[in-house]
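In: Sequence and predicted structure below; questions after.
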Amino acid sequence: MEDSQAAAGEGESGKDPAPSVDVEREAERVEAALGLAGHQELPSLALPAAGAQFPAGLARLAAGAQGRERLRLMFAEHPGLPLWLERRVQGQEIMAALELEHGMEAPHPTAVEEAARAASSPRLAVFRRRWAAERRRDYDELQAYLASPTHTAASDQTLAAMMDAFDQQRRR
């Protein structure tokens, strides 16, 4: 499952369409445009200005697997950013792409390491690496649960209950 999801977010050559350097530069431009760059304390409670222009770079980041991973990292660093995005139509589209279309996507293997290398401080690099380790652990736990007999049995039971309710409603 992981391979098919990774391939879905990548180009035909099997590589992410945007090189990691471009993704990191785009992320830095987006953070600067929103006024979120340079915060020493993470996660930052800073919010983009209410009238801040919507950076076009957000949509470009959401287009590739590596960019989506970098956006997830940005959300961890700036928890107010998803709320700001949800108040804008373009932001809602980006959030939908991240949460609905690519919510089960495997963590990108190099995105966060590139971001950690480009970090402005050792503290930020540690935060990014810790976040990546937690994301990988959560993803692996979810995949193990979804493949478990417990999940399969619960899904089968739920489906059976739904079908019974449907049949009873249809007979009325």
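Out: Here it is on my side, so go on.

In: Now residue 103: which helix or strand?
Out: Here residue 103 sits in a region with no helix or strand, counting by DSSP states H and E.

In: distance of the closest residue to residue 97 other than its chain neighbours from residue 151?
Out: Here the nearest residue to residue 97 in space, its sequence neighbours aside, is residue 62; by C-beta to C-beta, 6 or more residues apart in numbering that works out to 5.1 Å. Every residue, glycine included, has its C-beta placed from N, CA and C. Distance, residue 62 to residue 151, using C-beta to C-beta, to the nearest Å: 29 Å.

In: of these two, who's got more company?
Out: residue 62 (20 against 13; other C-beta atoms under 10 Å).

In: before we move on, the earlier item: identify the residues contacting the residue nearest to residue 97.
Out: Neighbouring residues of residue 62 by C-beta atoms under 8 Å, 6 or more residues apart in numbering: 68, 71, 94, 97, 98.

In: what's the longest helix in this structure?
Out: helix 122-146 (DSSP state H).

In: now that helix: how far from the chain's centre is it?
Out: 12 Å (C-alpha atoms, centre = their mean, to the nearest Å).

In: Also stretch 102-109?
Out: Distance, centroid of stretch 102-109 to centroid of chain: 7 Å (C-alpha atoms, centre = their mean).

In: Between the two ends of it, what distance do you get?
Out: Distance across stretch 102-109, first residue to last, is 16 Å (C-alpha to C-alpha, to the nearest Å).

In: and it, which residues are buried?
Out: 102, 105, 106, 107, 108 (16 or more other C-beta atoms under 10 Å).

In: do the same with stretch 130-143
Out: Within stretch 130-143, the residues scored as buried using 16+ other C-beta under 10 Å are 131, 132, 135.

In: Relative to residue 111, how far out is the most centrally placed residue in the chain?
Out: Taking C-alpha atoms, centre = their mean, the centroid of the chain lies closest to residue 72, which sits 3.8 Å from it. To residue 111, residue 72 is 9 Å away according to C-beta to C-beta.

In: Any chance of TSV for the contacts of residue 62, columns distance to residue 172 and pLDDT?
Out: Below are the contacts of residue 62 laid out as TSV (distance: C-beta to C-beta, whole Å; pLDDT from 0 to 100):
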residue	distance to residue 172	pLDDT
68	46	95
71	48	94
94	44	93
97	41	90
98	42	92
